[in-house]
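Asks: with the sequence up front, the predicted model follows.
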Amino acid sequence: QLLLEESGGGLVQPGGSLRLSCAASGSTSNTYGIGWFRQAPGKEREGVSCISSSGGSANFADSVKGRFSISRDKAKNTVYLQMNSLKPEDTALYYCARGTAAGGYAYWGQGTQVTVSS
C-alpha cells in the first residue's frame, strides 16, 4: 500500500515562500506522476501542479505559473512544491496524490495547511 504524506505548510506573509514536500512510503513506485492539489474553504478542490514520473515535465495552473515550481527526488521518493510570491488567495489545504494508469489520481495524502496572511 502506497502512503503519501504532505508537510511543509504553515503561516506565511504575502510575498513569502514555502516548500511543500510529498513523501511516499510503502509500495513506492516512480512510474507514475504526482500531482499537487488544493482546496480552500467553501471552494472545490483544484489542481495546482503535476510532475511526470521522470521529473522531466511539469504543468501548472494558470494561477500559480511563474510563482510555483515542482521537482522530485526519486532517491528520497519525495516530490516538492516550491511556492514563491505567495498571495492570500493561495491559502488552502494542499494535497498530493499519485497518478493512475486510468489518468486520474489516487492515494491521497492528508494534506498540509498553507495560510497566507499578514
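Replies: Nice, I can see it. Numbers count the residues shown, from 1 in each chain.
Asks: where does the chain have its least confident helix or strand?
Replies: Every helix and strand in the chain was compared by mean pLDDT, DSSP states H and E; the lowest is strand 105-106, with a mean of 90.
Asks: buried residues in the next helix or strand after it?
Replies: Counting by DSSP states H and E, the next helix or strand C-terminal to strand 105-106 is strand 112-116. Within strand 112-116, the residues scored as buried using 16 or more other C-beta atoms under 10 Å are Thr112, Val114, Val116. For the C-beta atoms, the positions are set from N, CA and C on the backbone; glycine is no exception.
Asks: so, low pLDDT: which residues of this protein?
Replies: Scanning the chain with the threshold set as pLDDT under 70 gives 28-30.
Asks: just the strands in it please.
Replies: Shown for the chain, the strands assigned by DSSP state E span residues 2-7, 10-12, 18-26, 34-39, 46-51, 58-60, 68-73, 78-83, 92-99, 105-106, 112-116.
Asks: all set now, cheers.
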